[in-house]
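# A predicted structure for the sequence below; I have some questions about it.
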Amino acid sequence: MTINIAYSCDQAYIHHTGISILSLLETNRDIPDISLFLIQKDVKQESILLIQNLARQYNRRVRIVPFDEICFDLNTSSFGRHVETIYAKLFFERIGDIDKILYIDSDTIIAGSLQELWDTDLGDNLFAGVNVKALCSVAMLGLERADPTINDGVVIVNVKELRHQRMLEKFKAHIEKYNGSPPLLSEGTINSVCAGKIKVIHPKYNLMSGLIEFRGNKFADVDSFYSDDEIRDAIRAPVVIHFLSAFYNRPWDLHCTHPMRNHYLYYKAHSVWKDVPLENKKLNIRLRLIKILYDVFPHDILDFIRAVKERYKK
């Protein structure tokens, strides 16, 4: 069975995408059939050729899909610190001939086989992902405390069921309801619109900075979904390492302190992007302050304050 895998980015992130794809191809050599999809917005032709040549070296194929070809009626007004390509996953039903696809963010390294993840039984669930529920997210999205709120940086998408339930129209209506700037952007849209139809998977498939930084602590509601053993297993043998900016900075920044940074640097050094210089960017004051506060105060108290603040803003 073919494993369909999608990335979505613009020119600014194309070399990070390529480095992630290299790690994926290298650690998944044993999978017989992988079909890659690159949803691209304003990516230069020479960069596209580099991605195609990379896939060809591993006897894989990559399909280039212009962002505007599937997201032509996306009406957004704000992307925060992101670019609009994060919304592509909501429009996957417009990619023909696929019933299921694994979406992966560009700021990742694939450290193990994706076969078991792909074999996840979705049932009638629309998405599957790693739960990062915090009280502030629940408050912003108007969800019940028991509802998971998954990070959409690594998600299995049940494209067949999305089509069957005409979810694209619901996604667009949700975005329009908030005048093009829904809470938590694409991630909030998925968790809000698909509530009750989301499957939670093992944290090793999306090992985020927060799971490492707060291991062994009561951070938000993570521990109510994942046991200490699951978190330890994820850190010991991650399948997908997701280099979110919080707490450690990015691995392509000189000041990065992420304990798994060398995974990124290894694949960068073995890629055609090896000479791209590292950035000299420090964590912004807000993220540094948040880290200090979580180091000093009980996390449940801080999450409660953030939740109250979000409700007040409404």
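Great, that's in hand.

# Pull out the buried residues from the helix or strand hosting Gly188.
If you go by DSSP states H and E, Gly188 is part of helix 185-193. Neighbour-count burial for helix 185-193 flags Leu185, Ser186, Glu187, Gly188, Thr189, Ile190, Asn191, Ser192, Val193 (criterion: 16 or more other CB atoms under 10 Å). C-beta: built from backbone N, CA, C; applies to glycine.

# now stretch 163-172
Burial within stretch 163-172, assessed by neighbour count using 16+ other CB under 10 Å, is assigned to Gln165, Met167, Leu168, Lys170, Phe171, Lys172.

# Hmm, Phe92 and the third one touching each other?
If I follow you right, that is Leu168. No. At 9.0 Å, Leu168 does not count as touching Phe92 under the criterion of CB atoms under 8 Å.

# Need the residues touching each of those two.
Leu162 (CB atoms under 8 Å, 6 or more residues apart in numbering).

# Confirm Lys172 sits in a helix?
Yes. Assessed with DSSP: H, G, I helix; E, B strand; the rest coil, Lys172 lies in a helix.

# who's in contact with Leu278?
Applying CB under 8 Å, 6+ apart to Leu278 gives the contacts Trp252, Asp253, Leu254.

# top of the residues you listed by neighbour count?
Within the contacts of Leu278, most neighbours by other CB atoms under 10 Å means Trp252, with 21 neighbours.

# I figured that one hits Tyr13, correct?
No. Contact between Trp252 and Tyr13 fails when scored by CB under 8 Å: they sit 10.4 Å apart.

# Can you pull the residues that touch both of those two?
Common neighbours of Trp252 and Tyr13 (criterion: CB under 8 Å, 6+ apart): none identified.

# Now the residue most central in space within the chain: closest residue in space, sequence neighbours ignored.
Nearest to the geometric centre of the chain sits Gly153, at 0.6 Å (CA atoms, centre = their mean). Leaving out its chain neighbours, the residue that sits closest to Gly153 by CB to CB, 6 or more residues apart in numbering is Asp105, at 3.8 Å.

# Next, count neighbours for the closest residue to Val272 other than its chain neighbours.
Closest residue in space to Val272, ignoring its immediate chain neighbours: Leu50 at 5.7 Å, by CB to CB, 6+ apart. Using other CB under 10 Å, Leu50 has 17 neighbouring residues.

# From the structure, what's the count of residues near Pro32?
8.

# actually Asn53, not the one I typed
Counted with other CB under 10 Å, Asn53 comes out at 12.

# which helices and strands sit right next to the helix or strand hosting it?
Using DSSP H and E, Asn53 falls within helix 45-57. Contacts defined by 3 or more CB pairs under 8 Å, 6 or more residues apart in numbering; DSSP states H and E place helix 45-57 against helix 14-27, strand 34-41, strand 61-66.

# Show me what counts as buried in the longest one.
Looking back up the chat, that one is helix 14-27. Within helix 14-27, the residues scored as buried using 16+ other CB under 10 Å are 14-25, 27.

# Measure how the helix holding Asn53 sits relative to strand 34-41, angle-wise.
Helix 45-57 runs at 170 degrees relative to strand 34-41, counting by axes from the mean of the first three to the mean of the last three CA atoms, to 10 degrees.

# Export helix 45-57 to PDB, keeping only CA atoms.
C-alpha atoms of helix 45-57 as PDB (Å, rounded to 0.1, in the frame of the first residue of the first chain):
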ATOM      1  CA  GLN A  45      11.800  26.400  -9.800                       C
ATOM      2  CA  GLU A  46      15.400  25.600  -8.900                       C
ATOM      3  CA  SER A  47      14.300  24.700  -5.400                       C
ATOM      4  CA  ILE A  48      11.600  22.500  -6.800                       C
ATOM      5  CA  LEU A  49      14.100  20.700  -8.900                       C
ATOM      6  CA  LEU A  50      16.300  20.100  -5.900                       C
ATOM      7  CA  ILE A  51      13.400  18.400  -4.100                       C
ATOM      8  CA  GLN A  52      12.600  16.300  -7.200                       C
ATOM      9  CA  ASN A  53      16.200  15.300  -7.500                       C
ATOM     10  CA  LEU A  54      16.400  14.300  -3.900                       C
ATOM     11  CA  ALA A  55      13.300  12.100  -4.200                       C
ATOM     12  CA  ARG A  56      14.700  10.600  -7.400                       C
ATOM     13  CA  GLN A  57      17.900   9.500  -5.600                       C
END
